[in-house]
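Chemist: sequence below, structure please.
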Amino acid sequence: MVVLVALVVVLAASAMVSAPWWRVAGAVTMSLLSSAAIVAGVARWRPVRHSPWVLAAAGIVLAGVSVAWMVVEPEVGGHPWSDVAIAVAYGVLIAAAAQLSAGKRPGRDLDAVLDGGIVAAAAAIVVWLVVLSPTVASNAPRAHVLESIGLIGGDLVLLVIVGSIASVDAVARNVAYRLILAGLVVSFLSDLVFLMVGIAGHRTPGLDIVVLSTLAVFVAVAAAALHPSMAALSIPERAAPRRPHPTRLVLLTVAACLPPVVIVSVQLDATDRWFVGLLALV
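Modeler: Residues are numbered from 1 along each chain as shown. Alright, predicted model coming up:
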(Lines give C-alpha, C1' and ligand atoms only; values in the text may rest on other atoms or scores of the structure.)
Protein backbone atom coordinates (compact mmCIF):
# COMPACT_ATOMS: atom_id res chain seq x y z
CA MET A 1 0.00 0.00 0.00
CA VAL A 2 2.89 2.37 0.77
CA VAL A 3 4.32 1.76 -2.69
CA LEU A 4 0.95 2.47 -4.31
CA VAL A 5 0.54 5.72 -2.38
CA ALA A 6 4.05 6.76 -3.40
CA LEU A 7 3.20 6.05 -7.05
CA VAL A 8 0.07 8.21 -6.87
CA VAL A 9 2.01 11.05 -5.20
CA VAL A 10 4.75 11.00 -7.85
CA LEU A 11 2.14 10.88 -10.63
CA ALA A 12 0.31 13.90 -9.21
CA ALA A 13 3.59 15.79 -8.82
CA SER A 14 4.58 14.94 -12.40
CA ALA A 15 1.28 16.34 -13.65
CA MET A 16 1.84 19.62 -11.79
CA VAL A 17 5.60 20.07 -12.33
CA SER A 18 6.64 20.25 -15.98
CA ALA A 19 10.38 20.64 -15.41
CA PRO A 20 12.26 18.07 -17.54
CA TRP A 21 14.50 16.94 -14.69
CA TRP A 22 11.44 16.17 -12.55
CA ARG A 23 9.75 14.26 -15.36
CA VAL A 24 12.90 12.18 -15.87
CA ALA A 25 13.21 11.45 -12.16
CA GLY A 26 9.48 10.72 -11.95
CA ALA A 27 9.53 8.29 -14.88
CA VAL A 28 12.48 6.31 -13.55
CA THR A 29 11.19 6.35 -9.97
CA MET A 30 7.67 5.28 -10.93
CA SER A 31 8.88 2.47 -13.17
CA LEU A 32 11.03 1.12 -10.35
CA LEU A 33 8.23 1.52 -7.79
CA SER A 34 5.74 -0.19 -10.09
CA SER A 35 8.15 -3.08 -10.65
CA ALA A 36 8.70 -3.32 -6.91
CA ALA A 37 4.93 -3.43 -6.42
CA ILE A 38 4.68 -6.31 -8.91
CA VAL A 39 7.42 -8.23 -7.10
CA ALA A 40 5.71 -7.55 -3.75
CA GLY A 41 2.37 -8.69 -5.17
CA VAL A 42 3.88 -11.91 -6.50
CA ALA A 43 5.54 -12.59 -3.14
CA ARG A 44 2.35 -11.81 -1.21
CA TRP A 45 -0.34 -13.51 -3.31
CA ARG A 46 1.80 -16.28 -4.88
CA PRO A 47 0.16 -16.71 -8.30
CA VAL A 48 0.49 -20.12 -9.97
CA ARG A 49 2.59 -18.61 -12.77
CA HIS A 50 5.13 -15.93 -11.91
CA SER A 51 6.56 -15.41 -15.39
CA PRO A 52 3.88 -13.04 -16.77
CA TRP A 53 4.33 -10.70 -13.83
CA VAL A 54 8.13 -10.89 -13.92
CA LEU A 55 8.09 -10.03 -17.62
CA ALA A 56 5.65 -7.19 -16.95
CA ALA A 57 8.00 -5.77 -14.30
CA ALA A 58 10.92 -5.87 -16.75
CA GLY A 59 8.83 -4.26 -19.49
CA ILE A 60 7.76 -1.45 -17.19
CA VAL A 61 11.38 -0.67 -16.25
CA LEU A 62 12.30 -0.49 -19.95
CA ALA A 63 9.28 1.72 -20.64
CA GLY A 64 10.31 4.04 -17.81
CA VAL A 65 13.83 4.34 -19.22
CA SER A 66 12.40 5.08 -22.67
CA VAL A 67 10.08 7.78 -21.30
CA ALA A 68 13.01 9.39 -19.47
CA TRP A 69 15.02 9.52 -22.70
CA MET A 70 12.04 10.98 -24.57
CA VAL A 71 11.83 13.80 -22.03
CA VAL A 72 15.56 14.54 -22.31
CA GLU A 73 15.52 14.45 -26.14
CA PRO A 74 11.93 15.27 -27.19
CA GLU A 75 12.65 15.58 -30.90
CA VAL A 76 11.93 12.58 -33.14
CA GLY A 77 15.03 10.44 -33.34
CA GLY A 78 16.74 12.62 -30.74
CA HIS A 79 17.86 9.59 -28.80
CA PRO A 80 17.88 6.30 -30.73
CA TRP A 81 18.25 4.30 -27.52
CA SER A 82 14.78 5.51 -26.52
CA ASP A 83 13.31 3.88 -29.63
CA VAL A 84 15.22 0.68 -28.91
CA ALA A 85 14.06 0.66 -25.27
CA ILE A 86 10.38 1.17 -26.10
CA ALA A 87 10.49 -1.47 -28.87
CA VAL A 88 12.02 -4.01 -26.48
CA ALA A 89 9.56 -2.95 -23.75
CA TYR A 90 6.59 -3.64 -26.02
CA GLY A 91 8.09 -6.99 -26.98
CA VAL A 92 8.52 -7.99 -23.35
CA LEU A 93 5.03 -6.79 -22.40
CA ILE A 94 3.48 -8.67 -25.33
CA ALA A 95 5.30 -11.81 -24.17
CA ALA A 96 3.92 -11.24 -20.66
CA ALA A 97 0.38 -10.80 -22.01
CA ALA A 98 0.72 -13.94 -24.15
CA GLN A 99 1.88 -16.01 -21.18
CA LEU A 100 -0.94 -14.66 -19.03
CA SER A 101 -3.47 -15.52 -21.73
CA ALA A 102 -2.03 -18.98 -22.36
CA GLY A 103 -1.98 -19.77 -18.65
CA LYS A 104 -5.53 -18.60 -18.07
CA ARG A 105 -7.01 -20.38 -21.08
CA PRO A 106 -5.36 -23.81 -21.41
CA GLY A 107 -5.87 -25.48 -24.74
CA ARG A 108 -7.53 -23.68 -27.62
CA ASP A 109 -10.55 -21.41 -27.14
CA LEU A 110 -11.47 -21.16 -30.82
CA ASP A 111 -14.52 -18.99 -30.17
CA ALA A 112 -12.44 -16.36 -28.39
CA VAL A 113 -9.79 -16.40 -31.12
CA LEU A 114 -12.38 -15.96 -33.87
CA ASP A 115 -14.26 -13.22 -32.02
CA GLY A 116 -11.05 -11.38 -31.24
CA GLY A 117 -9.82 -11.66 -34.82
CA ILE A 118 -13.08 -10.34 -36.30
CA VAL A 119 -13.37 -7.40 -33.91
CA ALA A 120 -9.65 -6.57 -34.19
CA ALA A 121 -9.87 -6.54 -38.00
CA ALA A 122 -12.88 -4.21 -37.91
CA ALA A 123 -11.14 -1.92 -35.42
CA ALA A 124 -8.02 -1.87 -37.61
CA ILE A 125 -10.12 -0.81 -40.62
CA VAL A 126 -11.64 2.07 -38.66
CA VAL A 127 -8.29 3.22 -37.25
CA TRP A 128 -6.68 3.01 -40.69
CA LEU A 129 -9.39 4.94 -42.56
CA VAL A 130 -10.06 7.55 -39.88
CA VAL A 131 -6.56 8.17 -38.53
CA LEU A 132 -3.66 6.44 -40.24
CA SER A 133 -4.49 6.72 -43.96
CA PRO A 134 -5.15 10.50 -43.87
CA THR A 135 -2.00 10.89 -41.80
CA VAL A 136 0.18 8.95 -44.24
CA ALA A 137 -1.27 10.93 -47.15
CA SER A 138 -0.63 14.27 -45.44
CA ASN A 139 2.59 16.25 -45.17
CA ALA A 140 3.08 15.22 -41.56
CA PRO A 141 6.65 14.45 -40.47
CA ARG A 142 7.29 10.86 -41.47
CA ALA A 143 9.43 10.11 -38.42
CA HIS A 144 6.66 11.23 -36.05
CA VAL A 145 4.05 9.24 -37.97
CA LEU A 146 6.14 6.06 -37.92
CA GLU A 147 6.90 6.48 -34.22
CA SER A 148 3.21 6.98 -33.39
CA ILE A 149 2.05 4.08 -35.57
CA GLY A 150 4.55 1.83 -33.80
CA LEU A 151 3.16 2.82 -30.39
CA ILE A 152 -0.46 2.41 -31.52
CA GLY A 153 0.32 -0.98 -33.08
CA GLY A 154 1.91 -2.21 -29.86
CA ASP A 155 -1.12 -1.03 -27.88
CA LEU A 156 -3.52 -2.83 -30.23
CA VAL A 157 -1.60 -6.11 -29.98
CA LEU A 158 -1.65 -5.92 -26.17
CA LEU A 159 -5.37 -5.08 -26.14
CA VAL A 160 -6.22 -8.01 -28.41
CA ILE A 161 -4.17 -10.51 -26.37
CA VAL A 162 -5.36 -9.32 -22.97
CA GLY A 163 -8.93 -8.86 -24.18
CA SER A 164 -9.06 -12.42 -25.52
CA ILE A 165 -9.30 -13.90 -22.01
CA ALA A 166 -12.37 -11.83 -21.14
CA SER A 167 -14.41 -14.79 -22.41
CA VAL A 168 -13.73 -16.47 -19.07
CA ASP A 169 -16.47 -15.23 -16.74
CA ALA A 170 -14.17 -15.14 -13.71
CA VAL A 171 -11.72 -12.93 -15.61
CA ALA A 172 -14.34 -10.42 -16.71
CA ARG A 173 -15.17 -9.76 -13.05
CA ASN A 174 -11.54 -9.75 -11.86
CA VAL A 175 -10.43 -6.41 -10.39
CA ALA A 176 -6.77 -6.85 -11.35
CA TYR A 177 -7.78 -7.68 -14.92
CA ARG A 178 -9.97 -4.59 -15.17
CA LEU A 179 -7.13 -2.40 -13.91
CA ILE A 180 -4.73 -3.82 -16.51
CA LEU A 181 -7.28 -3.44 -19.31
CA ALA A 182 -8.04 0.14 -18.26
CA GLY A 183 -4.34 0.97 -18.34
CA LEU A 184 -4.01 -0.43 -21.87
CA VAL A 185 -7.01 1.59 -23.07
CA VAL A 186 -5.51 4.77 -21.59
CA SER A 187 -2.20 4.04 -23.34
CA PHE A 188 -3.93 3.42 -26.69
CA LEU A 189 -5.98 6.62 -26.51
CA SER A 190 -3.00 8.74 -25.46
CA ASP A 191 -0.91 7.41 -28.35
CA LEU A 192 -3.72 8.32 -30.77
CA VAL A 193 -3.78 11.83 -29.30
CA PHE A 194 0.02 11.99 -29.57
CA LEU A 195 -0.21 11.17 -33.28
CA MET A 196 -2.86 13.79 -34.02
CA VAL A 197 -1.32 16.54 -31.88
CA GLY A 198 2.10 15.93 -33.42
CA ILE A 199 0.64 16.22 -36.92
CA ALA A 200 -0.76 19.62 -35.94
CA GLY A 201 2.76 20.72 -35.05
CA HIS A 202 2.46 20.46 -31.27
CA ARG A 203 4.70 17.52 -30.49
CA THR A 204 5.74 18.70 -27.01
CA PRO A 205 2.19 18.83 -25.53
CA GLY A 206 1.51 15.46 -27.13
CA LEU A 207 4.66 14.08 -25.57
CA ASP A 208 3.52 15.36 -22.17
CA ILE A 209 0.27 13.42 -22.61
CA VAL A 210 2.19 10.24 -23.46
CA VAL A 211 4.50 10.65 -20.46
CA LEU A 212 1.66 11.21 -17.98
CA SER A 213 -0.48 8.41 -19.43
CA THR A 214 2.47 6.01 -19.25
CA LEU A 215 2.98 6.90 -15.60
CA ALA A 216 -0.75 6.34 -15.02
CA VAL A 217 -0.40 2.88 -16.60
CA PHE A 218 2.42 2.15 -14.14
CA VAL A 219 0.02 2.97 -11.29
CA ALA A 220 -2.74 0.76 -12.76
CA VAL A 221 -0.45 -2.24 -13.20
CA ALA A 222 1.01 -1.79 -9.71
CA ALA A 223 -2.50 -1.63 -8.23
CA ALA A 224 -3.42 -4.78 -10.16
CA ALA A 225 -0.37 -6.64 -8.85
CA LEU A 226 -1.08 -5.62 -5.26
CA HIS A 227 -4.76 -6.63 -5.41
CA PRO A 228 -5.59 -10.14 -4.12
CA SER A 229 -7.41 -10.96 -7.36
CA MET A 230 -4.12 -11.00 -9.28
CA ALA A 231 -3.52 -14.58 -8.12
CA ALA A 232 -6.75 -15.72 -9.76
CA LEU A 233 -5.49 -14.54 -13.16
CA SER A 234 -2.99 -17.39 -13.14
CA ILE A 235 -5.48 -20.15 -12.31
CA PRO A 236 -6.27 -22.06 -15.54
CA GLU A 237 -9.94 -22.00 -16.49
CA ARG A 238 -11.70 -23.02 -19.64
CA ALA A 239 -14.11 -20.53 -21.12
CA ALA A 240 -17.76 -21.47 -20.89
CA PRO A 241 -19.50 -22.35 -24.16
CA ARG A 242 -20.51 -19.22 -26.02
CA ARG A 243 -24.15 -18.21 -25.94
CA PRO A 244 -25.79 -15.90 -28.47
CA HIS A 245 -25.70 -12.88 -26.16
CA PRO A 246 -27.23 -9.80 -27.86
CA THR A 247 -24.13 -7.66 -27.28
CA ARG A 248 -21.89 -10.27 -28.86
CA LEU A 249 -24.22 -10.72 -31.82
CA VAL A 250 -24.45 -6.96 -32.45
CA LEU A 251 -20.68 -6.53 -32.17
CA LEU A 252 -19.92 -9.37 -34.57
CA THR A 253 -22.63 -8.24 -37.01
CA VAL A 254 -21.23 -4.71 -37.15
CA ALA A 255 -17.69 -6.04 -37.56
CA ALA A 256 -18.71 -8.43 -40.34
CA CYS A 257 -20.72 -5.81 -42.26
CA LEU A 258 -18.13 -3.05 -41.97
CA PRO A 259 -15.74 -4.07 -44.81
CA PRO A 260 -18.37 -4.40 -47.58
CA VAL A 261 -20.13 -1.23 -46.47
CA VAL A 262 -16.84 0.68 -46.54
CA ILE A 263 -15.87 -0.70 -49.94
CA VAL A 264 -19.24 0.24 -51.46
CA SER A 265 -19.84 3.63 -49.80
CA VAL A 266 -16.38 5.16 -49.36
CA GLN A 267 -14.10 6.29 -52.18
CA LEU A 268 -10.84 4.43 -51.55
CA ASP A 269 -7.47 4.76 -53.20
CA ALA A 270 -5.41 1.72 -54.19
CA THR A 271 -3.67 1.43 -50.81
CA ASP A 272 -6.92 1.72 -48.86
CA ARG A 273 -8.65 -0.87 -51.06
CA TRP A 274 -5.75 -3.28 -50.57
CA PHE A 275 -5.75 -2.76 -46.79
CA VAL A 276 -9.54 -3.05 -46.37
CA GLY A 277 -9.72 -6.02 -48.73
CA LEU A 278 -7.00 -7.87 -46.84
CA LEU A 279 -8.71 -7.34 -43.49
CA ALA A 280 -12.08 -8.26 -45.01
CA LEU A 281 -10.70 -11.77 -45.52
CA VAL A 282 -10.50 -12.13 -41.74
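Chemist: state the distance from residue 87 to residue 93.
Modeler: Relative to residue 93, residue 87 is positioned 11 Å away (Cβ to Cβ, to the nearest Å). C-betas here are computed from N, CA, C, even on glycine.
Chemist: looking at those two, which one has more neighbours?
Modeler: More crowded of residue 87 and residue 93, by other Cβ atoms under 10 Å: residue 93, with 25 against 15.
Chemist: which residues of the stretch 1-150 of the chain fall in helices?
Modeler: 2-16, 20-45, 51-72, 80-104, 110-127, 133-137, 142-163 (DSSP state H, counting those that start in this stretch).
Chemist: highest mean neighbour count out of those?
Modeler: helix 51-72 (a mean of 22; mean count of other Cβ atoms under 10 Å).
Chemist: that one packs against which elements?
Modeler: On a contact count with 3 or more Cβ pairs under 8 Å, 6 or more residues apart in numbering; DSSP states H and E, helix 51-72 meets helix 20-45, helix 80-104, helix 203-226.
Chemist: one more time with 6 Å
Modeler: In this structure, helix 51-72 packs against helix 20-45, helix 80-104, with contacts taken as 3 or more Cβ pairs under 6 Å, 6 or more residues apart in numbering; DSSP states H and E.
Chemist: tabulate those helices (JSON lines), appending mean pLDDT and distance to residue 260.
Modeler: Listed next are the helices and strands packed on helix 51-72 as JSON lines, based on pLDDT from 0 to 100; distance: least, Cβ to Cβ, whole Å:
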{"stretch": "helix 20-45", "mean pLDDT": "88", "distance to residue 260": "44"}
{"stretch": "helix 80-104", "mean pLDDT": "87", "distance to residue 260": "31"}
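Chemist: so for residue 124, which of those helices sits nearest?
Modeler: Smallest distance to residue 124 across these (Cβ to Cβ): 16.6 Å, for helix 80-104.
Chemist: run through the stretch 151-282 of the chain and note the low-pLDDT ranges.
Modeler: 167-170, 172, 237-251, 264, 282 (pLDDT under 70).
Chemist: let me see the ranges of the helices in it.
Modeler: Using DSSP H, counting those that start in this stretch, helices in the stretch 151-282 of the chain cover 169-172, 175-199, 203-226, 246-265, 270-280.
Chemist: do you know which of these lies nearest residue 153?
Modeler: Using Cβ to Cβ, the nearest of the helices of the stretch 151-282 of the chain to residue 153 is helix 175-199, at 9.3 Å.
Chemist: can you give me how far that closest one is from the chain middle?
Modeler: For helix 175-199, the separation from the chain centroid amounts to 6 Å (computed by Cα atoms, centre = their mean, to the nearest Å).
Chemist: need the helices of the stretch 151-282 of the chain in CSV with distance to residue 26 and mean neighbour count, can you?
Modeler: Shown next, in CSV, are the helices of the stretch 151-282 of the chain (distance: least, Cβ to Cβ, whole Å; neighbours: other Cβ atoms under 10 Å):
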stretch, distance to residue 26, mean neighbour count
helix 169-172, 32, 16
helix 175-199, 16, 20
helix 203-226, 7, 21
helix 246-265, 39, 13
helix 270-280, 39, 15
